[in-house]
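# take a look and give me a structure for this.
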Amino acid sequence: MDIRKPNVTILQPTSGADRVRSEQSKPVAEFSRPLLLSPGQDLLGYVTGHLGRGTLFVITLVSVLAVFLIFWFVIREAIPFLKGESLGQTIARLTEFLTGKNWYPEAHVHPEFGALPAIVGSVYVTAVALVLSVPVGLLCALFLSDMAPFSIRQAIKPVIEILAAIPSVAYGFFAIIVVAPWLQHTFGFSTGANALNAAMILAIMAVPTIISVAEDSLSAIGREIREASYALGATRAETLLKVVIPAAHSGIIAAIILGMMRAIGETMVVWMAAGMASQIPSPWWDLSQSVRPMTATIAQEMGETARGTVHYYALFAIGCVLLIFTFGMNLISEHFMARIHRREGGR
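Numbers count the residues shown, from 1 in each chain. Got it, this is the predicted structure:
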């Protein structure tokens with residue numbers, strides 16, 4: 001009787017070192033590019049990398065240079081207006097320009113170049129627009145970051161940002177055709193083209209910027225700080241008011257400043273809706289009065305002013321003041337945005 005042994009495979013135990021060698025022998029990833037390059041391939045990669053960095057550097061340099069050229073052009077055209085025959089005359093002209101209340105550049109006997117009403121008009125409509133837009137923008141940002149479900153937030157936020165894509169001239173027509181008659185009939189204003197009309201439209205235009213930046217700042221805080229507040233027994237309202245908003249104050253301030261820049265630099269809306277009256281509102285709280293901001297003054301008079309005249313250079317002086325306003329606010333917003341990035345980098 002032929003008795004054969006069963007064909008049994010006995011598994012030998014493997015050591016940890018064998019398993020490590022087995023794992024190391026497996027390819028981690030498949031690369032189409034060989035790890036060992038030929039001299040030609042190495043040179044091509046070197047040239048391509050430096051060419052890409054050089055292209056990006058040139059694009060960045062051109063952008064920065066364009067900004068400096070704009071500043072240089074505006075300041076160069078404003079110097080002939082401010083420069084007098086002596087230092088005392090220069091100071092007197094600058095003082096008249098910044099504090100004078102009369103703007104009669106085409107007067108034959110004694111032209112006056114008081115830009116104070118234009119400066120006050122820009123600050124006035126911008127301040128009223130911020131009073132209207134900041135609470136709405138901040139509440140919407142809080143709703144999107146802490147209350148709305150993710151699907152609703154993804155649907156609402158693009159719709160809000162569409163407001164920033166609407167042309168300003170369309171807002172201007174809406175202000176003249178719809179808002180101005182409504183203000184006259186509802187509140188009994190003598191004219192619908194006034195500071196309130198311009199401020200309301202500027203508030204609508206500034207809201208998307210405020211919501212977008214503030215919501216990003218509130219979302220960047222993270223869930224940990226909110227959960228810690230809830231764990232200590234705080235309600236949602238207490239968490240938002242006493243924890244979330246103070247922690248995101250840098251981003252909120254940056255959002256407000258960016259919204260202010262959006263409002264103070266707007267031209268078409270204030271040109272069409274502000275009423276174009278070169279005056280300082282008196283009393284200051286009367287929003288039914290017409291004003292003429294700096295941007296509207298430049299837009300209205302630049303096309304009809306002869307090049308090389310004192311009036312021409314005075315308009316560039318107003319543009320120089322507007323550049324100083326916007327540049328200063330941009331520096332402040334960059335400061336607060338840098339604080340946000342430092343805080344995120346430290347987490």
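
# contacts, neighbours, all on C-alpha from now
Will do.

# now do the contacts for Gly319.
Going by C-alpha atoms under 8 Å, 6 or more residues apart in numbering, Gly319 touches Val74, Met294, Thr295, Ile298.

# out of these, list just those in helices.
Within the contacts of Gly319, residues falling in helices by DSSP state H are Val74, Met294, Thr295, Ile298.

# thought the third one was touching Ala263?
No. Counting by C-alpha atoms under 8 Å, Thr295 does not reach Ala263; the two are 10.6 Å apart.

# looking at those two, which one has more neighbours?
Neighbours were tallied for Thr295 and for Ala263 using other C-alpha atoms under 10 Å; the higher tally belongs to Ala263 (27 against 24).

# helices or strands next to the host helix or strand of the more buried one in the packing?
Using DSSP states H and E, Ala263 sits in helix 249-264. Under the contact definition 3 or more C-alpha pairs under 8 Å, 6 or more residues apart in numbering; DSSP states H and E, helix 249-264 sits against helix 116-142, helix 195-220, helix 310-345.

# Ile79 is nearest to which of those?
Nearest of those to Ile79, taken as C-alpha to C-alpha: helix 310-345 at 7.6 Å.

# the closest one vs helix 195-220, what angle?
Relative orientation of helix 310-345 versus helix 195-220 (axes from the mean of the first three to the mean of the last three C-alpha atoms, to 10 degrees): 20 degrees.

# residues in contact with the spatially closest residue to Met294 that is not a sequence neighbour?
Distance criterion C-alpha to C-alpha, 6 or more residues apart in numbering; nearest residue to Met294, sequence neighbours excluded, is Ala118 at 4.8 Å. Residues in contact with Ala118 (C-alpha under 8 Å, 6+ apart) are Ser278, Gln279, Val291, Arg292, Pro293, Met294, Thr297.

# the last one: neighbouring residues, count only.
By other C-alpha under 10 Å, the residues close to Thr297 number 21.

# mind checking how far stretch 135-143 is from the chain centre?
Relative to its parent chain, stretch 135-143 has a centroid offset of 17 Å by C-alpha atoms, centre = their mean, to the nearest Å.

# can you check stretch 116-131 too?
Centre-to-centre, stretch 116-131 and its host chain are 18 Å apart (C-alpha atoms, centre = their mean).

# alpha carbons of that stretch, as PDB, please.
Extracted in PDB, the C-alpha atoms of stretch 116-131 (Å, rounded to 0.1, in the frame of the first residue of the first chain):
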ATOM      1  CA  LEU A 116     -12.700 121.600   0.700                       C
ATOM      2  CA  PRO A 117     -16.300 121.000  -0.400                       C
ATOM      3  CA  ALA A 118     -15.200 118.200  -2.700                       C
ATOM      4  CA  ILE A 119     -13.100 116.600   0.000                       C
ATOM      5  CA  VAL A 120     -15.900 116.800   2.500                       C
ATOM      6  CA  GLY A 121     -18.400 115.500  -0.100                       C
ATOM      7  CA  SER A 122     -16.300 112.400  -0.600                       C
ATOM      8  CA  VAL A 123     -15.800 111.800   3.100                       C
ATOM      9  CA  TYR A 124     -19.500 112.500   3.700                       C
ATOM     10  CA  VAL A 125     -21.000 110.000   1.300                       C
ATOM     11  CA  THR A 126     -18.400 107.400   2.200                       C
ATOM     12  CA  ALA A 127     -19.100 107.700   5.900                       C
ATOM     13  CA  VAL A 128     -22.900 107.400   5.400                       C
ATOM     14  CA  ALA A 129     -22.400 104.500   3.100                       C
ATOM     15  CA  LEU A 130     -20.300 102.700   5.700                       C
ATOM     16  CA  VAL A 131     -22.900 103.300   8.400                       C
END
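
# shaky segments in the stretch 201-347 of the chain?
340-347 (pLDDT under 70).

# what residue is smack in the middle of this protein?
Centroid-nearest residue in the chain, with C-alpha atoms, centre = their mean: Leu258, separated by 3.8 Å.

# enumerate every residue touching it.
By C-alpha under 8 Å, 6+ apart, the contact list for Leu258 reads Thr209, Ile210, Met329, Asn330, Ser333.
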